[in-house]
Each structure stands twice: as C-alpha cells, then as structure tokens.
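S.K.: Starting from these lines, generate the structure:
(2 chains)
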Amino acid sequence: MGLGVAVLWMSLIVLIPLAAVVGKAFGEGWSGFWDAISAREARTALTLTALLALGVALVNAVMGTVVAWVLARDRFRGKWLLELVIDIPFALPTIVAGLVMLTLYGKNSPVGIHLVGTRIGLFVALMFVTLPFTVRTVQPVLLDLDRDVEQAAASLGASPLTTFRRIILPPIVPAVVSGSALSFARALGEYGSLVLISSNIPYKTQIASSIIYGKLQDAQDPVNAVRAASAIAVVLLVASLVVLVVLDVVQRVVARRA
Amino acid sequence: MPKPTRPREEFQTPAVGVVGSRTTRTALRAVALLYVGILVLVPVLLVVWRTFKPGLGSFFDAITDPLAVHAFRLTGEVAGISVVLDTVFGIGVALLLVRYRFPGKRLLSAFIDLPVSVSPIVVGLALVLVYGSSGWFGGTLDRAGLQVINATPSLVIATVFVSLPLVVRAVVPVLEQAGNEQEQAAASLGARAWTQLWRITLPTIREAVTYGVVLSLARCLGEYGAVLVVSGNIEGRTETATLRIDNLYEADLQTDAAYAITFVLVLVAVVAILVAAYVRRRQEASSAA
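M.R.: A predicted model of the protein is given here:
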C-alpha cells in the first residue's frame, strides 16, 4: 500500500505534469517540435545555456577540487568560516543570489565591474550557485583516503605531482565527475539567479529558461507559444535525464570497485 | 579520571607527500580562500551593508509594510505545509527504497532525483499544463470549485516538487547503515508495525530527518522560478517573499525595500546552514558512538 501511495504522489506531482510537457511539445508531431527548437531564438539560447553549463562544470571540476582539498587536508584558523560560506549559495533563494551578484557587479558596483547584460555575468552567477556541488562531493572522499599510500609513494621518490596523479586522483575522479555533473545540470536549468543580471537580451544573454518563461507570457498566440515553450523544456528535461543516468553509472562503477 | 592526552597525529602535518611542501599548501589555501571570498563572501557582506545603508528605520519600515508581511506569512505557510508533506513522503519513500524489493525500484530512485535537476521554469510550465484552467485536470478542478493555478495550492505543489528528494536523500543512507535487526527483534517480541516504526525506526533516523527537514525548509522558503510561473504573481495574494523581492526591484524600483526582504532571507539561509551543520555533527557523533 505504501508503494501505491508513493507512486500516486510522485505521479500527481512529478510524472503526470512532466508527461504533459512532453505531450504538449509533440502536439503537432515531430516537425512541430523540430521547428520550435530550431528557431533561431531557441537555438541560440539552448547553445548558450549548454556552453555555460559545460564551462561551469569544467571550472568547478578544478576549483571545487582545490577547495575540497583545502577543507579536507589543511588546518588553519577560521576554517569554520570557509565551511559556512561554502554552503551559502546552496541555502540562498535563487533570486536573492541574483540580487547578491547584482550588488557587486551591477550598475552601482562599488568596484566598478559591470557585468549586467553580459555572458560573463551569467557565468559568474552560475559559478556562485554551483560552488557547493563539487566541493561537497569531493571533500568526503578526500577525508576517507588512506594517507599511508601517499607517504609511501613519496618516500619511494615520487614527486608531488606524480603522487597526486597516480595516488590521489584516481579514487577522487568519480566524485569530481559527479559533482561536475550536478553543477552542469543545475546550470542548465538555472533561472532565478540569472534573471536580474542577464537583462534577457535576445541572442546575447537570453538563456533557455528565460525563453520558456517569455513564451508563457505571450498573450498574442498563447497556444503556439506554450507548445514552443514545451518543446524547449523537453530538450532541458532530456539533458537532465542524461545527467542522472551518467550519475547512476558513475555510482555503480564506484560501488563495483569498492 | 584524567583526560587522555591526544596522541600526536603526525599525519596531520605530513613531512612528505603532496602537501609536504609548505609553499604548495600555502598556495592552495590562498587560492581557495580568495576564490570563495571573492565569489561568495564579499558579495554577501556587500548585501548586508547595502541593506542597512539607508538606516535601521527604513529597514524596519520595509519589512513591516503590510504587503511584505503578507508575503512573509504566505511564504511561511506554503513552506510549512510543503515541509510536512515532504517529511511524511520522504520517510515513506526512504523506507520503501531501503527495506523493500519491488519491480521498478531503480526507476523510482532515479525519478526521485529528477526534480533537483529540472529547471524551475519547466516545473512551473508542467504544473500549469496539468492543473491550469485549460490543463488536463483543469476542467474537473474548476467544476469542483477548486482553483489551483494562480492560488495557494499551486504554490504548495510547486514547492513540494522542487524539494521532493531532500528528505529522502538524507534518510536513505542512515537507514541503510542501521539495518533492520532491531525491528526484527521487536517484531519477534510482539511489537506491531506502528510500534516498531514509532519506537525504533523513527528514533534511529531522527537526526537524518531533522537534517533533511532543515534543507527542505531552506529550499521551500526560497523557491522562485516555479512559484513565479504558477502563482500568477498577484500582489497581496500569491506574492511570496522571493517574488516580492523581484517585483520591488524590477517593477517598483524600490531597491531599499527589496534589499530589506533579501537580508531577511539571507539571515534565514545562514541560520539554516548553522542548524544543518549542528545536526550533522550530532548525527556523526551518534553514529560513531
């Protein structure tokens, strides 16, 4: 019975609504779907969103690992503050994150950096909201690593770089991949933290979620607009599903190895 | 009893290894601190400064404005209901995933995570397509006299959608680690299912549930995109705190008032992190014992 209730609940809240989006997107068949996502506006926004997400994932793979390393291995005064600050982007409402970004990079920027309406602005905001993902997936793995092996490697004459590459990197790679995949997924769907800084300039800073929202506000031709919005939404949904599958595969590989 | 002296943990400052080089370590530390500081700490502190620049009086005026009070109350109500639903559902699903085998289990597990990676705007769109007046269930709901979209129920559904996995993911690992020997022992002594749940299972996962609840609460209080689409964004009716920030900033150009509400939400977020960290530490302590 519990299973029935859980499945019904999931269906009402998640599955049926998402199925409705897919149904709407293909309401006019494949050609309708294809026309909607290949329109120049949609194509540009989807490409921009994907490239931003990819960039965010790559930078997080490096910077997230560095921060996780410092949290796991280094000791210094005030480290608790670093721990606290890392989680802030995760707990902040997205629109608040957007306003936070605007305070530093907006038109009244105290440091004179103006990023409103630029792609760099979008990228910085995305780095802000995705900061905790890689850090928090890599940190526990680093804490669990057996340091004797590192010391053994070093005492046998391995250079720090070799020790890192051959001893430390292999076990943390799955965590780095998971964290980056999570950042990627989050960046694909992010809206609230970007809406203020993006200015929603078509072909320049308009991201996929903004286009969907814009189409939902379209009063002239709501039927077609909602269908086009659903088509773009399906592309984002498929991308999220792919990321989930990748995460699942990574976790299974890790489980098999352990 | 004399306190045992802590053994010197020599590996904390290894003489050899990657972090052996002092310069490497200092460099990494500097990079991490600068990165996190510039990316997060500086802008957040700037928001605090910006909030109180117009003075304490205007801050209090802004957060006691009737529309702001309404927005806070609505946000609290929606988050409260959503968190209760999330908790009941979360514990139930976690028990299902850990204790039972059934066809489609991996699928259920995968779908639970889906809401985290779906764009909030897409969530809103999906709910409008189903519960809106021209949606799949719209006609039936209309006839029943229930307005979902552009009214409070839609806020709850949207908020539950986006926060669905948080309690589940907090509870599952603890349940897995605990096993069910204690429940079996209780059952063999004649305890009923409810007694087992109430006296054994729930106390075991108490900290994990609390942790999940804190995360959900933070998420529910702060939802923006999905709520923006389904609520209709009606001032004084379906305007939540996050929507009010945007409306004040973009539409009304009342920047100071927008910052005042923002500050309240930042404060709530920081408190949530501190509580979550505290709960997590207790959880680790109890699982280590």
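S.K.: only C-alpha atoms for contact and neighbour calcs from this point on.
M.R.: Noted.
S.K.: quick one, what contacts A:Ser180?
M.R.: A:Ser180 is in contact with A:57-58, A:60-61, A:133-134, counting by C-alpha atoms under 8 Å, 6 or more residues apart in numbering or on different chains.
S.K.: Do a quick rundown of the helices in the stretch 151-258 of chain A.
M.R.: Along the stretch 151-258 of chain A, the segments classed as helices by DSSP state H, counting those that start in this stretch run A:160-163, A:169-189, A:192-198, A:208-216, A:222-257.
S.K.: hey, which of these is tucked in deepest?
M.R.: helix A:192-198 (a mean of 26; mean count of other C-alpha atoms under 10 Å in any protein chain shown).
S.K.: CA-only coordinates of that one in CSV, if you can.
M.R.: The C-alpha coordinates for helix A:192-198 follow below in CSV (Å, rounded to 0.1, in the frame of the first residue of the first chain):
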residue,chain,number,x,y,z
GLY,A,192,16.3,32.9,-10.6
SER,A,193,19.9,33.9,-10.0
LEU,A,194,20.4,34.9,-13.7
VAL,A,195,17.2,36.8,-14.3
LEU,A,196,18.4,40.1,-12.8
ILE,A,197,22.0,40.0,-14.2
SER,A,198,21.1,38.8,-17.7
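S.K.: contacts for that helix?
M.R.: Surrounding helix A:192-198, the residues in contact under the criterion C-alpha under 8 Å, 6+ apart are A:94-99, A:101-102, A:106, A:115-119, A:121-122, A:125-126, A:129, A:205-206, A:210, B:224-225.
S.K.: same thing with stretch A:122-134?
M.R.: Stretch A:122-134 is contacted by residues A:52, A:56, A:60-61, A:64-65, A:68, A:86-87, A:89-90, A:94, A:97-98, A:101, A:175-176, A:178-180, A:182-183, A:186-187, A:190, A:193-194, A:197-198, A:205, B:39-40 when judged by C-alpha under 8 Å, 6+ apart.
S.K.: what about it, average pLDDT?
M.R.: Stretch A:122-134 carries an average pLDDT of 96.
S.K.: Then stretch A:46-61?
M.R.: 97.
S.K.: sec struct for B:Arg101, please.
M.R.: The three-state label given to B:Arg101 by DSSP: H, G, I helix; E, B strand; the rest coil is coil.
S.K.: Dihedrals phi and psi, A:Thr205?
M.R.: Backbone torsions of A:Thr205, given as degrees, to the nearest 10, read phi -120, psi 10.
S.K.: which residues touch it?
M.R.: Contacts of A:Thr205 (C-alpha under 8 Å, 6+ apart): A:45, A:48, A:117-119, A:122, A:198-199.
S.K.: what residues are up against A:Ser109?
M.R.: By C-alpha under 8 Å, 6+ apart, the contact list for A:Ser109 reads A:102-103.
S.K.: so which helix or strand takes in B:Pro203?
M.R.: B:Pro203 belongs to helix B:202-204 when assigned by DSSP states H and E.
S.K.: now for that helix, which elements pack on it?
M.R.: Counting contacts by 3 or more C-alpha pairs under 8 Å, 6 or more residues apart in numbering or on different chains; DSSP states H and E, helix B:202-204 packs against no other helix or strand.
S.K.: Toward the C-terminus, what is the element adjacent to that helix?
M.R.: Under the assignment DSSP H and E, the closest C-terminal helix or strand after helix B:202-204 is helix B:206-222.
S.K.: just checking, what packs against whichever helix or strand comes after that following helix?
M.R.: Sequence-wise, the next helix or strand downstream of helix B:206-222 (DSSP H and E) is helix B:225-231. When contacts are defined as 3+ C-alpha pairs under 8 Å, 6+ apart, helix B:225-231 sits against helix B:120-131, helix B:152-178.
S.K.: The shortest one vs chain A: in contact?
M.R.: Yes. Judged by C-alpha under 8 Å from any C-alpha of the partner chain, helix B:120-131 and chain A are in contact via B:120-123, B:125-127, B:129-130.
S.K.: ok and that helix relative to helix A:208-216, angle-wise?
M.R.: 40 degrees (axes from the mean of the first three to the mean of the last three C-alpha atoms, to 10 degrees).
S.K.: Need the contact partners of helix B:120-131.
M.R.: With C-alpha under 8 Å, 6+ apart, helix B:120-131 has contacts from A:13, A:16-18, A:20-21, A:189-191, A:209, A:212-213, A:216, A:230, A:233, B:135-138, B:141, B:148-149, B:154, B:158, B:161-162, B:224-230.
S.K.: Can you flag the buried ones in those?
M.R.: Applying 16 or more other C-alpha atoms under 10 Å in any protein chain shown to the contacts of helix B:120-131, the neighbour count classes A:13, A:16-18, A:20-21, A:189-191, A:209, A:212-213, A:216, A:230, A:233, B:135-136, B:138, B:141, B:148-149, B:154, B:158, B:161-162, B:224-230 as buried.
S.K.: Most neighbours among the contacts of A:Thr205, which one is it?
M.R.: Counting neighbours by other C-alpha atoms under 10 Å in any protein chain shown, A:Leu122 leads those with 27 neighbours.
S.K.: Quick check: which element contains it?
M.R.: Assessed by DSSP H and E, A:Leu122 sits inside helix A:119-144.
S.K.: Next, count neighbours for whichever residue of the stretch 1-150 of chain A sits closest to chain B.
M.R.: At 4.1 Å from chain B, A:Pro93 is the closest residue in the stretch 1-150 of chain A, using C-alpha to the nearest C-alpha. Look at A:Pro93: counted by other C-alpha under 10 Å, it has 26 neighbours.
S.K.: What of B:Asn233?
M.R.: Residues contacting B:Asn233 under the criterion other C-alpha under 10 Å number 18.
S.K.: Report pLDDT for it.
M.R.: 88.
S.K.: Correct me if wrong: it contacts B:Thr152.
M.R.: No. Counting by C-alpha atoms under 8 Å, B:Asn233 does not reach B:Thr152; the two are 10.9 Å apart.
S.K.: and the closest residue to A:Leu46 other than its chain neighbours, what does it touch?
M.R.: Of all residues not flanking A:Leu46 in the chain, A:Ala208 sits nearest, at 5.3 Å (C-alpha to C-alpha, 6 or more residues apart in numbering or on different chains). Neighbour list for A:Ala208: A:42, A:45-46, A:49, A:189, A:232 [criterion: C-alpha under 8 Å, 6+ apart].
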